[in-house]
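In: show me how the following folds:
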Amino acid sequence: MGRTNPIQFIQQTRAEIAKVVWPTRREVLLTTVMVLVLATIAATIFALVDLVIRSGLTAVLGIFG
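Out: Sure thing, here's the model as predicted:
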C-alpha cells in the first residue's frame, strides 16, 4: 500500500469535503421534527402495550393468587 504525504492527504480530504452535499437549515429542522414526532408516537404505543400487558397479568395473577 502506497504512502501519502501530509500535503496530498490534506488536498484529498478537501476535495472529498467539497463533494459533500450539506442539508439546508429547513431540511434539518423538518427531519428533526419528524424524528421527535415518530419517537413520541412509538413511546405512546409502547406505553399502551405495556399497560395492556400489565393489566392482563394483574388480572391473571388476581384470579390465581
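
In: distance check, Asp50 against Thr44.
Out: 11 Å (Cβ to Cβ, to the nearest Å). All C-beta atoms are positioned from the backbone trio N, CA, C, and that covers glycine.

In: again with Leu29
Out: 23 Å.

In: what of Thr58?
Out: Thr58 is 21 Å from Thr44, by Cβ to Cβ.

In: can you pull out the helices in this structure?
Out: In the chain, the segments counted as helices under DSSP state H are 6-19, 25-64.

In: now mean pLDDT and mean neighbour count too, for the ones you listed, in JSON lines please.
Out: Shown next, in JSON lines, are the helices of the chain (pLDDT from 0 to 100; neighbours: other Cβ atoms under 10 Å):
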{"stretch": "helix 6-19", "mean pLDDT": "93", "mean neighbour count": "9"}
{"stretch": "helix 25-64", "mean pLDDT": "97", "mean neighbour count": "10"}
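
In: quick one: Val35 and Gln12, what's the gap?
Out: With Cβ to Cβ as the criterion, Val35 and Gln12 are 33 Å apart.

In: nope, Phe64 is what I meant
Out: 70 Å.

In: one more: Arg26?
Out: 31 Å.

In: just the pLDDT for Thr4.
Out: pLDDT recorded at Thr4 is 78.

In: which residue packs closest to it, ignoring adjacent ones?
Out: Gln12 (7.2 Å; Cβ to Cβ, 6 or more residues apart in numbering).

In: so that neighbour makes contact with Asn5?
Out: No: using Cβ atoms under 8 Å, Gln12 is not in contact with Asn5; the gap is 10.8 Å.

In: tell me, what residue is most central in this structure?
Out: Val35 (7.1 Å; Cα atoms, centre = their mean).

In: and Val21, what are its phi and psi?
Out: phi -100, psi 110 (degrees, to the nearest 10).
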